[in-house]
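**Q** below is the sequence, then the predicted model.
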Amino acid sequence: MKKHSVFFLISLISLLGVTACDQRMTSKLEANKDIVRRFSEAVNNNNYDSLDDIVTANFVRHSQATPEVKIRSLEEFKQFGKINSESFPDMKGAIEMMVAEGDFVAVYVTFTGTQKGPMGPFPASGKKMESKTMGIFRLENGKIAELWIEWDNLAMLIQLGHFPPPGASEK
């Protein structure tokens, strides 16, 4: 009888330890997701200065969709964001799905906006676009340290009237 009581007590303590660990992990994952939501809100509102509290100074953005854009700091990201908001002043991103694991948060976002200014070599078209985008954020000590972000450039360029390029069908 005594052996069963000791076994039960050890099992109960182990279960409580696992439950507490699970709760801490769940709490961290929810905190990470909240930071990504705050990031999205700041970008949607063109409030780039509010990123100081949630993004590391040496933030890195990776994107095969824009390989010529090198962002290796929070300040470079803020400049990129301001330029992007000149091209698409009404751009908004709506998070459709979000998954967190460890120090990573993955999102599936629908971006909408009207191109009112130039976008790289493309002049303002005045046309609206909708882009399905996927991003993976890596957090470090409660701040966003890296972002991998990808979207379908061709679909976006077609919606904005930049593809096929003018004169392409004449060749």
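**A** Right, received. Where do you want to start? Predicted, not measured: the structure shown is a model, and the values here were computed from it.

**Q** from residue 125, how far off is the residue nearest the centre of the chain?
**A** In the chain, the centroid-proximal residue (Cα atoms, centre = their mean) is residue 135; its distance is 4.6 Å. Distance, residue 135 to residue 125, using Cβ to Cβ, to the nearest Å: 25 Å. (C-beta placed from N, C-alpha, C; glycine too.)

**Q** can you tell me the closest non-neighbouring residue to the residue nearest to the centre of the chain?
**A** Excluding its sequence neighbours, the residue lying closest to residue 135 (Cβ to Cβ, 6 or more residues apart in numbering) is residue 149, at 4.2 Å.

**Q** thought that neighbour was touching residue 62?
**A** Yes: with contact defined as Cβ atoms under 8 Å, residue 149 counts as touching residue 62 (7.4 Å).

**Q** most residues in a single strand of the chain, which one?
**A** strand 128-140 (DSSP state E).

**Q** could I get the buried residue list for that one?
**A** Buried residues in strand 128-140, counted by 16 or more other Cβ atoms under 10 Å: 129, 131, 133, 135, 137-139.

**Q** show me what it is in contact with.
**A** 32, 35-36, 39, 56, 93, 103-115, 144-152, 155-156, 159-160 (Cβ atoms under 8 Å, 6 or more residues apart in numbering).

**Q** now the strands for the protein?
**A** Secondary structure of the chain (DSSP E): strands at 55-62, 92-101, 104-114, 128-140, 143-151.

**Q** which one, of these, ends up nearest to residue 44?
**A** Closest of those to residue 44 is strand 92-101, at 5.1 Å (criterion: Cβ to Cβ).

**Q** and for residue 85, nearest residue in space, chain neighbours not counted?
**A** Spatial nearest neighbour of residue 85, excluding adjacent residues (Cβ to Cβ, 6+ apart): residue 46 at 4.9 Å.

**Q** repeat that for residue 77.
**A** Residue 77 sits nearest to residue 71 (Cβ to Cβ, 6+ apart), 5.1 Å away.
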